[in-house]
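Enquirer: using only what follows, build the 3D model:
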Amino acid sequence: MGPSSTMILGEWKLIYYHTDLSFELFNLEDDLGEKQNLAGKYPRKVKELACRLTDYLEARNAPMPRGKNNGESVPYPDYAANMMYAHQ
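Expert: I've put the predicted structure just below:
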């Protein structure tokens, strides 16, 4: 799994993994055990929560980790979500 940033908003939980810039999305009301990743089914919800998570991180000047291979900062979640779900 590795380092990540997570947020819960209502029944939704979004996890953004820094190592591969991937997402997991869970509906905690229906899946408290977090067994069904809904990110592919609800890309708009991923993008919405990724923007909110980015706003939260930026408001607190939270530094993003640096990649081991290139030393560059991991992008904020909104950038990764927009790249991953650009056409949705």
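
Enquirer: ok, how many other residues are close to residue 39?
Expert: Neighbour count of residue 39, defined by other CB atoms under 10 Å: 19. To be clear about C-beta, it is placed using only N, CA and C from the backbone, and glycine gets the same treatment.

Enquirer: for the residue nearest the centre of the chain, give its distance to residue 69.
Expert: The chain has residue 16 as the residue nearest its centroid, 2.9 Å off, counting by CA atoms, centre = their mean. From residue 16 over to residue 69 the distance is 19 Å, taken as CB to CB, to the nearest Å.

Enquirer: that older thread, hang on, the residue nearest to the centre of the chain in a strand?
Expert: Yes: under DSSP: H, G, I helix; E, B strand; the rest coil, residue 16 sits within a strand.

Enquirer: list the buried residues of the helix or strand of the chain with the lowest mean pLDDT.
Expert: The weakest-scoring helix or strand in the chain, judged by mean pLDDT, DSSP states H and E, is helix 77-84 (a mean of 93). Neighbour-count burial for helix 77-84, counted by 16 or more other CB atoms under 10 Å, picks out 77, 78, 80, 81, 84.

Enquirer: residues contacting the first one?
Expert: Taking CB atoms under 8 Å, 6 or more residues apart in numbering as the contact definition, residue 77 lies against 5, 14, 16, 23, 50, 51, 53, 54, 57.

Enquirer: number of nearby residues for residue 49?
Expert: By other CB under 10 Å, 27 other residues sit near residue 49.

Enquirer: my bad, should have said residue 76
Expert: Using other CB under 10 Å, the number of residues around residue 76 comes to 19.

Enquirer: can you pull the pLDDT of it?
Expert: Per-residue pLDDT puts residue 76 at 95.

Enquirer: from residue 55, how far off is it?
Expert: From residue 76 to residue 55 the distance is 9 Å (CB to CB).

Enquirer: which ones among the contacts of residue 77 map onto strands?
Expert: In strands, defined here by DSSP state E, the members of the contacts of residue 77 are 5, 14, 16, 23.

Enquirer: that'll do, ta.
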